[in-house]
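S.K.: Prediction below, plus the sequence it came from.
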Amino acid sequence: MPKYLIIGAGPTGLGAAWRLEQLGIHDWELLEKTPDAGGLAGSVVDDHGFTWDLGGHVQFSHYRLFDELMDDLLPDGWLTHEREAWVWMRDRFIPYPFQNNIRHLPHDEMVECVCGLVQALKNQSDALPRDFAEQFERAMGPGIARVFLRPYNFKVWAYPPEQLNTKWLGERVAIPDVERVLKNIFAQKDDVSWGPNNTFRFPKHGGTGAIWRALAARLPQQRLRLGAEVVNVDTAARRVRLADGTNVEYEYLISSMPLDVLIARSDLATQYAADTDKLVYSKTNIVGIGLKGTAPEHLKTKCWMYFPEDNCPFYRVTVFSNYSPNNVPDAAKNWSLMAEISESPAKPVDHARVVEETVQGALNTKLIASRDEVTHTFFAHLPYGYPTPSLRRDEALDVLLPALAKRGVYSRGRFGAWKYEVSNQDHSMMQGVEVVDHLALGTDEITIWHPAVANGPKKKGPVPK
Ligand SMILES: Cc1cc2nc3c(=O)[nH]c(=O)nc-3n(C[C@H](O)[C@H](O)[C@H](O)COP(=O)(O)OP(=O)(O)OC[C@H]3O[C@@H](n4cnc5c(N)ncnc54)[C@H](O)[C@@H]3O)c2cc1C
């Protein structure tokens, strides 16, 4: 019987296992249902030798501990890029952040956006916004909301913005500086978010998944059980049952499987069904397009692009071959695009047609010039893509997470804790690290309980070596 049982070999579960080893605690076991480590941060190589992430993954680290681990895992294995992001709309590219570059819009829409900003300034109020739609409309005005924020956010979240709370916003939506916006218009100046100080790095080989495979390889292999799916959790007996019928007992369970599935597969299913029903999520479809030749001039330095219009199904496309030449079999002869399409009951997606619609969307938005360039496509469906920060999310989490903890179950990570604002790779890995420290050393967990602190200035993170 391991003292610590971990579910999931994504960043959260691997982070927990790594920390236990660091603390000299070897009394643990990790169960992962798939044959590979990485979870949503994994990568795959398709039959044509193209590497794909499961959605464009970039390292946005808030923790020095995470940075140090990344350096250590892939010592010579990184490429550094400027974060060049754009919005494609009205048949043109507009640099990101959108609100600082509205001078690129058609004249009437630019005027609408500026008038909206002035209106927003006049209507400032201290009252808390009811929902995300009200938040962005009050912050940016009705013009930018109509032209960009409303259509784009529906495409990303797959739910109307009235159904989202505002808690997750911390660092995600900048409040515009009207003076700056006007200066940019009069000076005809691009005000971009990239540059030498705004860079990110990406593994040279193997996609984002290389990071997590390297971490899994560091751990004692006899304690990692791949292909082991947890089908039942008896929180009273502190025992899980696997798909092969075997049982594993534990003292503490650290789970990174989706919280709603964990509850549904446990002895708490009936008692907490109503709370679990309040959790909302969207699915993500990933479509990779393998292409002949090299990236065209207008995409040569771009990282990712946002697409608010309905002439394409995707909300974001990454020029994935720009992240590493090794993401394609031969960089002199191939390049690649990776599109993300969200899905929910409010925004259904036809899986039989989404690949074709994506290729057509790439033509409509001038990402590619002709179908003849396409060598092949790649498709992956993620049943859990984004943990939606819905209006009643925290009501559910405030009941479910403490109820589980009382029974020795610690649900952490992107879908384990269901907090979008702390659901990137760094946050997830640190949730794994911090819960171990909490259980073994009695320290407080920052990331899950204090997202604003986690997303504040970069911190060292706990450091027992
Ligand atoms: C489209 C998209 C884009 C993203 N972009 C970025 C980005 O740019 N930067 C960034 O840092 N992060 C990004 N992320 C987030 C990143 O993928 C997550 O932070 C990270 O993967 C979460 O780690 P996790 O371990 O909590 O969960 P997961 O990665 O989901 O891992 C959970 C693991 O549990 C396993 N599991 C589930 N159920 C069971 C079961 N019953 N039994 C056993 N095992 C089970 C799963 O197979 C999986 O391996 C993105 C995610 C998506 C979907």
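M.R.: Looks like it came in fine.

S.K.: what about residue 376, is that helix, strand or coil?
M.R.: strand (DSSP: H, G, I helix; E, B strand; the rest coil).

S.K.: cool, the one 4 residues further on as well?
M.R.: Assigned state for residue 380: strand (three-state reduction, three-state DSSP).

S.K.: Give me the pLDDT value at the spatially closest residue to it that is not a sequence neighbour.
M.R.: Nearest non-adjacent residue to residue 380, counting by CB to CB, 6 or more residues apart in numbering: residue 286, 4.3 Å away. C-beta coordinates here come from the backbone N, C-alpha and C atoms, glycine included. pLDDT recorded at residue 286 is 98.

S.K.: So what's the residue count around residue 286?
M.R.: Neighbourhood size, residue 286 [other CB atoms under 10 Å]: 23.

S.K.: Bridge partners for it, pull those for me.
M.R.: Following DSSP bridges, residue 286 is listed with bridge partners residue 340, residue 380.

S.K.: okay but it is in contact with residue 342, surely?
M.R.: No. Between residue 286 and residue 342 there is no contact, the gap being 10.9 Å when judged by CB atoms under 8 Å.

S.K.: ok, back up a step: check the gap between the residue nearest to residue 380 and the ligand for me.
M.R.: For residue 286, the distance to the ligand equals 7 Å [CB to the nearest ligand atom, to the nearest Å].

S.K.: Next: residue 351.
M.R.: From residue 351 to the ligand the distance is 16 Å (CB to the nearest ligand atom).

S.K.: what's the nearest residue to that residue if we skip its chain neighbours?
M.R.: Residue 351 sits nearest to residue 381 (CB to CB, 6+ apart), 6.4 Å away.

S.K.: In this model residue 355 seems to touch the one you found, though I could be wrong.
M.R.: No. Residue 381 lies out of contact with residue 355 (CB under 8 Å); the separation is 10.9 Å.

S.K.: the more surrounded of those two?
M.R.: Taking other CB under 10 Å, residue 381 and residue 355 do not tie; residue 355 has more neighbours (19 against 15).

S.K.: Tell me who's in contact with that one.
M.R.: Residues in contact with residue 355 (CB atoms under 8 Å, 6 or more residues apart in numbering) are 287, 377, 379.

S.K.: Mind telling me what element it is part of?
M.R.: Assigned by DSSP states H and E, residue 355 belongs to helix 354-364.

S.K.: list the buried ones in that helix?
M.R.: Across helix 354-364, burial judged by 16 or more other CB atoms under 10 Å covers 354, 355, 357, 358, 359, 361, 362, 363, 364.

S.K.: Quick check, the residue in the stretch 301-450 of the chain closest to the ligand?
M.R.: Proximity of the stretch 301-450 of the chain to the ligand (CB to the nearest ligand atom) peaks at residue 413, 2.4 Å away.

S.K.: and that residue, which of the three is it?
M.R.: coil.

S.K.: need the contact list for the closest residue to it other than its chain neighbours.
M.R.: Of all residues beyond its chain neighbours, the one nearest residue 413 is residue 12 (3.1 Å), with distances taken as CB to CB, 6+ apart. With contact set as CB under 8 Å, 6+ apart, residue 12 has these partners: 39, 254, 256, 412, 413, 414, 416, 428, 429, 431, 432.

S.K.: Give me the pLDDT value at residue 12.
M.R.: 98.

S.K.: so which helix or strand takes in it?
M.R.: Counting by DSSP H and E, residue 12 is part of helix 11-22.

S.K.: Could you tell me the angle between the direction of the helix or strand following that helix and that of helix 11-22?
M.R.: Sequence order places strand 28-32 as the next helix or strand after helix 11-22, per DSSP H and E. Counting by axes from the mean of the first three to the mean of the last three CA atoms, to 10 degrees, strand 28-32 lies at 160 degrees to helix 11-22.

S.K.: ok, is strand 28-32 in contact with the ligand or not?
M.R.: Yes. Strand 28-32 reaches the ligand (CB under 6 Å from any ligand atom) through 31, 32.

S.K.: Paired strands for the following helix or strand past that strand, with orientation please.
M.R.: Toward the C-terminal end, the helix or strand that comes next after strand 28-32 (DSSP H and E) is strand 43-45. Strand partners for strand 43-45, identified by DSSP bridges, are recorded as strand 51-53 (antiparallel).

S.K.: Is any residue of the strand it pairs with near the ligand?
M.R.: No. Applying CB under 6 Å from any ligand atom, one finds that strand 51-53 is not in contact with the ligand, the shortest distance being 7.8 Å.

S.K.: rewinding a little: same list (the contacts of residue 355) but as TSV, adding neighbour count.
M.R.: Formatted as TSV, the contacts of residue 355 follow (neighbours: other CB atoms under 10 Å):
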residue	neighbour count
287	25
377	18
379	14
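
S.K.: Neighbours of residue 313, how many?
M.R.: 25.

S.K.: what do you get for residue 398?
M.R.: 11.

S.K.: interface residues of the stretch 301-450 of the chain facing the ligand?
M.R.: Within the stretch 301-450 of the chain, the residues that sit near the ligand (CB under 6 Å from any ligand atom) are 340, 382, 385, 413, 414, 415, 416, 423, 424, 425, 426, 428.

S.K.: so what pLDDT did the spatially most central residue of the chain get?
M.R.: Nearest to the geometric centre of the chain sits residue 424, at 5.2 Å (CA atoms, centre = their mean). Residue 424 carries a pLDDT value of 96.
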